[in-house]
Structure formats: structure tokens, C-alpha cells
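Participant: Got a sequence here, can you build the structure:
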Amino acid sequence: MQYERRPRLTPAIADVRRAVRAVLPADGLVLVGLSGGADSLALAAATAFEAHRAGLRAGAVIVDHNLQSGSAAVAARAAGQARFLGLDPVLVLAIDVPPGADGPESAARDARYDAFTRAIEQTGACAVVLGHTLDDQAETVLLGLARGSGPGSLHGMAARSGPWLRPLLGIRRAQTHQFCLDVGLTPWHDPQNRDPRYARVRARQTVLPMLERELGPGIAEALARTAEQLREDADALDALVPALLAALPASGEPGRRVAAVVLQRQPAALRQRMIRAIVRESFGISLDRSHTLRVAALVTDWHGQGSLDLPGVRVIRQDGDLVFSRSGPAPIEGHFRSYGTPRHS
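Facilitator: Coordinates of the predicted model:
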């Protein structure tokens, strides 16, 4: 049944509810990604309240990663809290997290989003609402800086991305804890959130507090603002790429042969986006930055290089064009020219 308790409206309750209200769709079913922790529990309670008031349907999906002893009991407890709040349907999905090349955190995240996608397919939900906070955003940007991951990591998580909604990116973690306290809900405290083996935990417990002490307060907010500004810039640049690609001269293999001069006249940010888009749309392959820069060098630093053999794709400069093909035997044999210049072996 719907959770009937109406606590005194405190600042934390008002802030979280207002943030959720701003992202809820006009109709349909939304699911809350619920772990039972303070962030997702506050989100679940606010979503249940706001959806009920707006005449919307709201449910929950709980993912049991099977990574800790007693995880099934934790998932069952979260499901009970979801039902107490009036969320319906409530799905509990047990998954196995396969080993991941980028570590257990990344593998667990990928498996979790796969489970959310299954939940959407099973229920017909239009969105999954996730409890990432401003603190999570700041940690994401800080870790991206430390890893040199480029703008893809530095602009952090989007408030809206396909079916994923993140209304709490402007809410501090302390506010979600206060929300739970104010409404009388007891969150689960994940022991992995205190395990220093994880880089995100070290960033949370050691690095960000140190930066606050040494550089002054407001570091988390500054990192989140940086993410927002970079995302705005990235979105604007990304929006230019389809028109640039559509304007390329037609060839026998659309999008696979591009005049180097067309790429050369673009600023680096657009040139590299065009290269990545060509490879992604033609071959379904995502180039990382190092590979993209090697392709760009065929345009900006041309001195007769041979073909580039990258994961899944080969790129060669021939007669002033960049020719993209799947990896395998060299697509063209013989001597190649670029603007009349013989290719040197």
C-alpha cells in the first residue's frame, strides 16, 4: 500500500522531492534503481511521493550482484522498503558479474545496466531513475582527471541519457542521508563503500577531503560545475558532426572514404569527432583517443606513413583520401599518392 506517513517538510525532503519532480515524465511507468542505500532510498521515497501526486506509476528494480555474502537478504530488504513506500511493480534481479577488463567496478556497473535494461523490457517502463548525487559526479570527474580519460569522463554523468534519469546530480550525499532520517527510513550501509581497495572509495574518503582542507571548501561543487560546462560544450560539438558527415561527397562506400582536406579544415575537436563517428557508423567500433589521434595524424602530420591497423579497422591515406576498411589483408596494393606525392616505403 502507499506509504502514508507525512513527515514535516524539512529542507532535505523539499530539495530531493523538487529534484525528482523536475524529471518525471508526463505519463507512463518509471522504475527506481534501488540498492537500499541512503541515496537510492531517498530517491525511491521522493519518487513514490511525487509520482502518486502526479498520477503516475512508479516501481522499483533491485539488482542483486551476488558479490557479497548476504546480498540476497539485502536485496529482499530493499524490496520490502520499496513496497512499503507504495512502489509497484518491484523487481529483484539476481545477476552474475563476469570478470571485466577494466576492473570489478566497471564490470559490476555494466552488468547492473544490463539488468536495468531487462527490467524496462519486462515492465514496459519508460525510464529508470538513478540515485547518483553531486558527490558521485565530483568523484567521477576527479577519477577521470587522474586517469587522463579525456572529456568523455570529465563531463561526468548526464541528468538525462536515453532511459536513464539522474535527478539528484545537484543534491549532496549528506542531504539524502538527512532525507532518510527526516522521513524515518533506515538505509543500508554498503561495506564496499568503505573499502579502500576501490579507487572511488579512496577519492571519497581521502582525496576530496584533502582537497577541501588544502584548497578550501566547495571542491565537489566546483568539479560538478566543471562537468556540467564540459558536457554543454561536448553536446554542442557532437550536434555539429552529423551535418558535417552528411556534407561529405558521395563515394562508392559512403562514409568510408574521406578527403583529407575536408578533415584538415576542421578544428581538432570536430575532426576527431568525425573520425570516431565514421568508424562507429561504418564498422560499429569505438576508437579511443590514442587511436583517433593516430588516424588524425594521417591528416595533420602526413609524411608518407603506411596503413594504420587499429582494433577492427584499417586506415590508409590514398590519393589525398583517408580510406577506412575492416582489418585484414591490405585493401589496396601498389604505390599510393597523396596530392601527387609518391608514398615512401
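Participant: From here on, just use CA atoms for contacts and neighbour counts.
Facilitator: Will do.
Participant: which residues in the protein form strands?
Facilitator: 29-33, 57-64, 90-94, 127-129, 160-161, 164-165, 257-259, 308-310, 313-318, 321-326, 337-338, 341-342 (DSSP state E).
Participant: Next, the angle strand 57-64 makes with the first one.
Facilitator: Calculated by axes from the mean of the first three to the mean of the last three CA atoms, to 10 degrees, strand 29-33 forms an angle of 30 degrees with strand 57-64.
Participant: for strand 29-33, packing partners?
Facilitator: Counting contacts by 3 or more CA pairs under 8 Å, 6 or more residues apart in numbering; DSSP states H and E, strand 29-33 is packed against helix 38-54, strand 57-64, strand 127-129.
Participant: Distance to residue 143 added to those, as CSV?
Facilitator: CSV is the format used below for those (distance: least, CA to CA, whole Å):
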stretch, distance to residue 143
helix 38-54, 20
strand 57-64, 25
strand 127-129, 24
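Participant: measure the residue nearest to the spatial centre of the chain to residue 167 for me?
Facilitator: For the chain, residue 157 is the residue whose C-alpha lies nearest the centre (CA atoms, centre = their mean; 5.1 Å). Distance of residue 157 to residue 167, given as CA to CA, to the nearest Å: 11 Å.
Participant: ok so, going back, pretty sure the residue nearest to the centre of the chain sits against residue 137.
Facilitator: Yes: judged on CA atoms under 8 Å, residue 157 makes contact with residue 137 at a distance of 6.5 Å.
Participant: Which elements pack onto the lengthiest helix in the chain?
Facilitator: With secondary structure taken from DSSP state H, the chain has its longest helix at helix 219-246. In terms of contacts (3+ CA pairs under 8 Å, 6+ apart), helix 219-246 is packed against helix 134-147, helix 151-154, helix 208-215, helix 268-283.
Participant: next one: the longest one to chain centre, how far?
Facilitator: So that's helix 268-283. Centroid displacement of helix 268-283 relative to its chain, using CA atoms, centre = their mean, to the nearest Å, is 19 Å.
Participant: just stretch 280-296 next, same as before
Facilitator: Put simply, stretch 280-296 sits 19 Å off its chain's centre (CA atoms, centre = their mean).
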